[in-house]
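> Could you work out the structure for the sequence below:
(one chain, ligands or ions: 1)
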Amino acid sequence: MDQKPLQKSILILTTGGTIVCAKSDGGLYPYYQTADLLKCIQPCNKQHRISGKKVMNIDSSNMTPQYWLTIAQAIAADYEEYDGFVITHGTDTMAYTAAALTYILSGLIKPVIITGAQYSIVDSETDAIQNLNDALCFASEELEGVFIAFDGKLINGTRAVKTKTRSYDAFRSVNYPPVAAIKHNRISYNQSVCTHFQKQQHKRPQSLQPASYIEEKIFVLKLFPGLNPTIFEYLLQNMHGVIIESYGTGGVTSEILDIASRVHELTAAGIAVVVTTQCLQEGVTPQQYAVGRALPLDKIIYGKDMNTEALVPKLMWALGKTTEQAEVKQLMETSVQDDILANPEQVYL
Ligand code: ASP
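Residues are numbered from 1 along each chain as shown. I've put the predicted structure just below:
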């Protein structure tokens with residue numbers, strides 16, 4: 001086995017977020033620059049070579065799928081130069097970006113660690129410095145994949161959900177354990193999953209081949225009592241993919257508004273329909289109740305135990321690769337970086 005080199009090269013790519021926010025009469029806005037972030041770091045290993053580059057400086061509420069491609073291109077441009085990458089990002093859409101980069105960065109065999117803060121680097125209560133330093137520690141590990149480092153936890157990039165608006169522990173790892181914890185620069189890995197992310201030294205080196213196109217015409221439809229059926233006319237005319245957040249294990253309205261026949265119409269028109277759940281944990285099994293069984297079960301894509309933050313970019317990525325319905329279903333239902341653990345019927349029933 002190769003020796004782990006002592007000195008690592010790490011690139012910090014900055015994209016904005018609270019971590020670099022300043023106060024103004026108009027509210028918090030991204031102001032501080034990459035150089036300001038670089039001044040705050042106290043790397044876990046002083047021998048590491050750390051550089052920084054600005055990719056954008058936005059509130060992550062303004063993140064777009066095109067910006068995901070821009071971030072992926074920034075990593076690709078310097079991929080050979082560095083051992084690991086840290087991306088600073090706003091927390092509001094960080095989970096979407098983490099999942100998006102997982103799908104877009106095909107062939108990734110280095111760590112990409114996304115972090116940010118609930119309080120700006122200039123705030124006396126800031127969590128920015130701790131999160132940034134933790135992210136740098138993880139970026140110098142022999143890991144491969146995209147992760148979120150936040151409040152002392154390393155979360156699989158396909159499993160993060162922001163569940164708190166103010167507290168330091170803003171993110172939860174859903175339907176999957178955190179990959180590692182870190183305290184005072186000491187990392188403890190979760191032995192049940194960490195091997196899935198360890199660099200495979202024997203593997204032939206792969207080249208990074210980021211996706212260059214993703215399909216943005218998708219929609220997330222959260223069911224609620226009283227949903228107006230006219231939305232389906234719009235979806236039919238305008239979308240290539242629809243993610244339905246059903247109730248509980250996969251229940252959909254069957255009286256007054258017959259969702260199943262609407263889904264039949266969508267799939268017959270070649271639109272990819274994913275059925276997931278509004279519940280955060282334990283995944284979806286639409287065939288459990290009579291109200292779910294009327295769905296075209298052979299045509300719909302099962303959201304399984306994936307979260308919406310992963311399903312959105314995964315559907316965009318899959319539709320960007322192919323328009324063949326069966327192929328989209330196959331791509332969506334195939335696990336990427338453990339975004340699906342197992343068949344939910346086996347795991348959760
Ligand atoms: N609105 C900010 C953002 O997502 C929130 C944060 O970074 O915590 O950019």
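
> residues touching N57, list them.
Residues in contact with N57 (Cβ atoms under 8 Å, 6 or more residues apart in numbering) are 14-16, 20, 30-31, 33. Glycine gets a C-beta too; all of them are placed from N, C-alpha and C.

> from the residues you listed, which is closest to A139?
Closest to A139 out of these is T14 (14.0 Å), distances taken as Cβ to Cβ.

> And the next helix or strand past the helix or strand that contains the closest one?
Using DSSP states H and E, T14 sits in strand 9-16. Next in sequence after strand 9-16, counting helices and strands by DSSP H and E, comes strand 21-22.

> so what does that next one touch, helix or strand wise?
Judged by 3 or more Cβ pairs under 8 Å, 6 or more residues apart in numbering; DSSP states H and E, strand 21-22 is in contact with strand 29-30.

> buried set for the following helix or strand past the strand it packs on?
Note on strand 29-30: by DSSP H and E, the next helix or strand toward the C-terminus is helix 34-40. Residues of helix 34-40 classed as buried by neighbour count (16 or more other Cβ atoms under 10 Å): 34, 37.

> Please compute how far helix 34-40 lies from its chain's middle.
Its chain's average C-alpha position is 25 Å from that of helix 34-40, according to Cα atoms, centre = their mean, to the nearest Å.

> what do you get for stretch 35-53?
Distance of stretch 35-53 from the chain centroid (Cα atoms, centre = their mean) equals 25 Å.

> Then stretch 82-95?
On the basis of Cα atoms, centre = their mean, stretch 82-95 sits 10 Å off its chain's mean C-alpha point.

> now stretch 327-334
18 Å.

> can you check stretch 298-309 too?
Put simply, stretch 298-309 sits 15 Å off its chain's centre (Cα atoms, centre = their mean).

> Would you confirm that I113 belongs to a strand?
Yes: assigned with DSSP: H, G, I helix; E, B strand; the rest coil, I113 falls within a strand.

> How about the protein: which residue is closest to the ligand?
In the chain, the residue that lies nearest the ligand is G90 (2.0 Å; Cβ to the nearest ligand atom).

> SS state for that residue?
Per three-state DSSP, G90 ends up coil.

> same question, the one 10 residues further on
Each residue gets one of three states, and A100 gets helix by three-state DSSP.

> What residue, apart from its backbone neighbours, is nearest it spatially?
The shortest distance from A100 to any non-neighbouring residue, by Cβ to Cβ, 6 or more residues apart in numbering, is to P313 (3.5 Å).

> Do I have it right that that neighbour meets Y96?
Yes: assessed by Cβ atoms under 8 Å, P313 is found in contact with Y96 at 6.1 Å.

> between these two, which one's more packed in?
A count of neighbours by other Cβ atoms under 10 Å puts P313 above the other of P313 and Y96, at 24 against 21.

> give the contact list for the more buried one.
If a contact means Cβ under 8 Å, 6+ apart, then P313 has 65, 68, 96, 99-100, 103-104, 214 as its contacts.

> Those residues in helices, which ones?
Filtering the contacts of P313 for membership in helices, criterion DSSP state H, returns 65, 68, 96, 99-100, 103-104.

> Closest one to I187 out of these, please.
Nearest member of these to I187, counting by Cβ to Cβ, is A99, at 22.9 Å.

> residues near that closest one, how many?
When neighbours are counted by other Cβ under 10 Å, A99 registers 31.

> Same question for N185.
Look at N185: counted by other Cβ under 10 Å, it has 13 neighbours.

> How about it: what's its closest non-neighbour residue?
Closest residue in space to N185, ignoring its immediate chain neighbours: C44 at 4.1 Å, by Cβ to Cβ, 6+ apart.

> Please apply the same query to M332.
Once flanking residues are discounted, M332 sits nearest to I301: 4.6 Å by Cβ to Cβ, 6+ apart.

> E141 against P111, yeah?
Yes: at 6.2 Å, E141 and P111 qualify as touching, with contact defined as Cβ under 8 Å.

> who's more crowded, the two?
Shown here are E141 and P111; by other Cβ under 10 Å, P111 has more neighbours (26 against 22).

> Contacts only, for that one.
Taking Cβ under 8 Å, 6+ apart, one finds 84-85, 138-139, 141, 143-145, 147 in contact with P111.

> buried sites along stretch 294-311?
Going by neighbour count (16+ other Cβ under 10 Å), the buried part of stretch 294-311 is 294-295, 299-311.

> hang on, the earlier thing: list phi and psi for the residue nearest to M332.
I301 adopts backbone torsions of phi -100, psi 130, taken as degrees, to the nearest 10.

> low pLDDT regions in the chain?
Residue ranges of the chain with pLDDT under 70: 1-5, 201-205, 342-349.

> near the ligand, which residues of it show up?
The chain comes close to the ligand at residues 16-18, 59-61, 90-92, 116, 118, as judged by Cβ under 6 Å from any ligand atom.

> Where do the strands of the stretch 151-300 of the chain begin and end?
Taking DSSP state E, counting those that start in this stretch as the criterion, the stretch 151-300 of the chain carries its strands at 153-156, 160-162, 171-173, 180-183, 186-189, 209-210, 218-222, 241-246, 272-277.

> Perfect, I'm done here.
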